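Enquirer: dropping a prediction and its sequence here:
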Amino acid sequence: MRVLVTDLDGTLLGGDRADRRRLRAALDRHPEVTVVFATGRGLSSVREVLRDPLVPRPRWIIADVGASVIDGADHVPVEALQRGLRSGWPGAQRVRAALRRFPGLNHQHGVAQSGRCSFHLRPEQLTPEITDAVRALGCTWLYSADRYFDVLPPGASKGSALAALATEQHWPMDSVLVAGDSLNDLSLFALGAHGVIVGNAEPALREAVPEDDTVHRPDRPGAAGILSALQNLGWVERDHPLVIGYHRPPVHWTPDGWRPPASPNGILPTLRTLLGENPQALWTTATVVEPGAPPAELDRHGTGLPLSFVPVSAAQWAGYFHRACKETLWPVLMSQPERLRFAPDAWSHYREVNSRFAEHINARAAPGATVWLHDYNLWLVPGLLRPTRPDLRVGLFHHTPFPPPNVFAALPTATEIRASLACLDWVGFHTETFAGHFRQTLAGASRVPRVGVHPLGIDREAIEALARARRPRAAPADGPLVLSVERLDYAKAPVQKVEAIAALLTHRPELRGRLRFRLVCPPPEAGITSHDATRQQLEHRITAVNHAWGNSSWQPIEYLPRNLPLDEVIDHYLAADVFWVTSLQDGMNLTAKEYIAAQYANGHSGVLVLSRHTGAASELGSAALLTDPHSPTDLADTLHQALTLTSEERRYRLELLADRLGHRHPANWAADITTAIRDDDTLPRRRAHLRQDDTNMVVTTVR
């Protein structure tokens, strides 16, 4: 049993809206904490407060400075307790009549009062004559905030009301936290419960409550002070100074429990490392949970990682990811706007999921926290966070390419997205080209984020160790093996590769019966229909080429349409004479780097044929054989060049590639980025000059 008993004005309602939102979210996540209001307001005034969505729902209400006790579920007075608290009350009319002779007492007209009588009174007018007159009525009094003078029944106070309620509900006082900011809360602190005097409390309350380890005295005001005390007690989880926002989790919920994703991508291991080494960080991610299905055990994923899930329905996920992300945004990122398909209902899902992420992050990010968002899937989150949490340092890293401004402008929602991206503090890319496209796209915006270029690498030591541990490859076959490892995506140009193989077999007869092209090509997530035509065309052409050139002992194309564990992928890397990357656009391409590390670790001399349009080409340059997948002739000719290099040139090129690959661990890359987002000396100044019309524009546009 845990009970929060809190005053309203100045306490629960104190501080800014962001603090109140964080407290409400924390209490919503912990329904085991019972909320009790202890307020000077009457019930009708409390009902007005409850219209605010940021106010938590109380189970009990102590109102009228302790003269009323009300059931929070139905707002019916708890008569047995209330009678005891109001015993000896002479009635408001008699009190007002007896005190009418004191001109300094001004009755609080228009304020609903029950079982008490409340006045305004200046400090210098609080005289012994007034207090003696109250005692003569058989009543007691409270004076608070140098303004409010409350006349109460002799046994009434917030403390006595709480004591009576706790006895009835069997609450031990060590399970109760009381929160207040003024002297009319003083009686709450005399019961032996945990206490919190919020940062904006009147000095008289601070002086009146003895120093004690059970009483928290945070610097932060109102709701933020309450949340701090709840966190110190361990009743709710602490806020996080670093929050990662990435839509893909390292596990997903199924009716059979948690399972790893069918197609993990390159950033997941990096985030695992970063979060595993930082217990104060949080990974906000999505999981599909159907309404009405057995509840997902969101806190029992068993990863050991600080995951915080944003539950979405299958319909929301399909609209958000399968359609808005993959049919609207992805074609533009790949500079193929002719493939763009826009549906207003899908974009509504995209907005909704981004809004859910923003609310989730808002509720869990500590004051001044660093928020690191990943990729285009969360493009609207910065604009949603900025008006409510200007204290946050928000950065976004694009693992994908970023298109030229004229291509970006093809998006029907380009203005909405630009307005949100302009709210970032920092944005990162793998290459200077993509960074330049971003700068051009946001040219003319009222503010432009700082831009960083941070190419991602691989865990080279781990790849090399795994490669050395694999069995030596079998004796080479009669001909060369060309390998591609990529997910099914038209942007990877898989069909173009098959056509290049067909062209080589047509024009290079010496390769017939010898050349083998192995395509490891896992399918995309189920439900993504935008790649169906690519898959059908790919499989049709593979069948045709194998039928045209193959025989009973040799097939030119080996097609593996499934996910493979990393150790098996390493075996394929080691077996391949050529690794073939033909992306039409690619943010980085980590498989190319893994191939280099595996080949070099085992003393092999594999050749890398690399698309000029990958981020990796900016780093590896001419040490690889660069190809243009937009040109069928260049694609075939460059592959043929790779197949005919001398052994000396193969070894020389691999040496250069291994040197350019470097040894920088992805964990260092992640640390550099979080530092870049956080370390901005201009942020307080820029936040102070945030124009209100800019904020309104962002909120209106993103909605």
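Expert: Ah, there it is. Numbering: from 1, shown residues only.

Enquirer: helices along the stretch 551-700 of the chain, start to end?
Expert: Counting by DSSP state H, counting those that start in this stretch, the segments of the stretch 551-700 of the chain that form helices are 566-575, 590-601, 615-620, 632-644, 647-661, 666-678, 683-688, 692-702.

Enquirer: buried residues in the longest one?
Expert: If I follow you right, that is helix 647-661. By neighbour count with 16 or more other CB atoms under 10 Å, helix 647-661 contains the buried residues 650, 653-654, 656-658, 661. (Each C-beta comes from the backbone N, C-alpha and C, glycine too.)

Enquirer: which stretches of the stretch 251-400 of the chain form helices?
Expert: Ranges of helices in the stretch 251-400 of the chain, per DSSP H, counting those that start in this stretch, are 267-276, 314-317, 330-333, 344-364, 381-385.

Enquirer: pull the distance from the third one to the chain's centre.
Expert: In this view, helix 330-333 has its centroid 23 Å away from the chain centroid, taken as CA atoms, centre = their mean, to the nearest Å.

Enquirer: the last one now?
Expert: With CA atoms, centre = their mean as the basis, the distance from the averaged C-alpha position of helix 381-385 to the chain average is 11 Å.

Enquirer: what's it packed up against?
Expert: helix 344-364, strand 365-374, strand 393-397, helix 414-421, helix 692-702 (3 or more CB pairs under 8 Å, 6 or more residues apart in numbering; DSSP states H and E).

Enquirer: select, out of those, the one closest to Asn546.
Expert: Evaluated with CB to CB, the helices and strands packed on helix 381-385 place helix 344-364 nearest to Asn546, the distance being 37.6 Å.

Enquirer: what mean pLDDT does that closest one have?
Expert: Model confidence over helix 344-364 averages 96 on the pLDDT scale.

Enquirer: buried stuff in that helix?
Expert: Within helix 344-364, the residues that count as buried by 16+ other CB under 10 Å are 346-347, 349-351, 353-354, 356-364.

Enquirer: and it, what does it pack onto?
Expert: Packed on helix 344-364, when contacts are counted by 3+ CB pairs under 8 Å, 6+ apart, are helix 17-29, strand 240-245, strand 281-288, strand 307-312, helix 314-317, helix 381-385.

Enquirer: mind doing that once more with 6 Å?
Expert: Applying 3 or more CB pairs under 6 Å, 6 or more residues apart in numbering; DSSP states H and E, one finds that helix 344-364 makes contact with strand 240-245, strand 281-288, strand 307-312, helix 381-385.

Enquirer: ok, back up a step: to Leu27, which of the helices of the stretch 551-700 of the chain lies closest?
Expert: Across those, closest to Leu27 is helix 692-702 (CB to CB), at 25.3 Å.

Enquirer: in contact with the residue lying closest to Arg323 once chain neighbours are set aside, which residues?
Expert: Nearest-residue entry for Arg323: Ala346, 3.7 Å, with adjacent residues in sequence omitted and distances by CB to CB, 6 or more residues apart in numbering. Going by CB atoms under 6 Å, 6 or more residues apart in numbering, Ala346 touches 319, 323-324.

Enquirer: select only the buried ones of those in PyMOL?
Expert: The buried residues among these can be selected in PyMOL (16+ other CB under 10 Å) with this line:
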select buried, resi 319+323+324
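
Enquirer: assign the nearest residue to Gly84 once chain neighbours are set aside to helix, strand or coil.
Expert: When the adjacent residues along the chain are set aside, Gly84 lies closest to Ala164, with 6.4 Å between them (CB to CB, 6+ apart). Three-state call for Ala164 (DSSP: H, G, I helix; E, B strand; the rest coil): helix.

Enquirer: okay, now Ala164: neighbour count?
Expert: Other residues near Ala164 come to 20 when the count uses other CB atoms under 10 Å.

Enquirer: begin at 16 from here
Expert: Taking 16 as the first residue, the last one we looked at is Ala179.

Enquirer: just checking, it touches Ala95?
Expert: No - look at Ala179 against Ala95 with CB atoms under 6 Å: they stay out of range, at 9.0 Å.

Enquirer: what's the nearest residue to the residue most central in space within the chain if we skip its chain neighbours?
Expert: Central residue of the chain (CA atoms, centre = their mean): Gly260, 3.2 Å from the mean position. Closest residue to Gly260 in three dimensions, ignoring its sequence neighbours and counting by CB to CB, 6+ apart: Leu388, at 4.3 Å.

Enquirer: ok, that neighbour to Leu400 distance?
Expert: 9 Å (CB to CB, to the nearest Å).

Enquirer: what's the answer for Arg550, then?
Expert: Using CB to CB, Arg550 is found at 38 Å from Leu400.

Enquirer: who has more neighbours out of these two?
Expert: Taking other CB under 10 Å, Arg550 and Leu400 do not tie; Leu400 has more neighbours (26 against 18).

Enquirer: can you give me the pLDDT of that one?
Expert: The predicted local distance difference test score for Leu400 is 96.

Enquirer: who are the contact partners of it?
Expert: Taking CB under 6 Å, 6+ apart as the definition of contact, the neighbours of Leu400 are 373, 409.

Enquirer: next, the buried residues of stretch 243-261.
Expert: Buried residues in stretch 243-261, counted by 16+ other CB under 10 Å: 243-246, 250-251, 253-261.

Enquirer: now that stretch: mean pLDDT?
Expert: Taken as a whole, stretch 243-261 has an average pLDDT of 94.

Enquirer: show the pLDDT at the nearest residue to Asp649 once chain neighbours are set aside.
Expert: Here the nearest residue to Asp649 in space, its sequence neighbours aside, is Asp643; by CB to CB, 6+ apart that works out to 4.6 Å. Predicted confidence (pLDDT) for Asp643: 97.

Enquirer: go on, Ala517?
Expert: Among the per-residue scores, Ala517 shows a pLDDT of 97.

Enquirer: what helices or strands is the helix or strand where it lies leaning on?
Expert: According to DSSP states H and E, Ala517 maps onto helix 509-522. Judged by 3+ CB pairs under 6 Å, 6+ apart, helix 509-522 is in contact with helix 547-564, helix 647-659.

Enquirer: elements contacting the next helix or strand along the chain from it?
Expert: Sequence-wise, the next helix or strand downstream of helix 509-522 (DSSP H and E) is strand 531-535. Under the contact criterion of 3+ CB pairs under 6 Å, 6+ apart, the helices and strands touching strand 531-535 comprise strand 496-500, strand 572-575.

Enquirer: can I get the contacts of Ala361 in CSV including distance to His124 and pLDDT?
Expert: Converted to CSV, the contacts of Ala361 look like this (distance: CB to CB, whole Å; pLDDT from 0 to 100):
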residue, distance to His124, pLDDT
Gly334, 54, 97
Arg338, 59, 97
Ala339, 55, 98
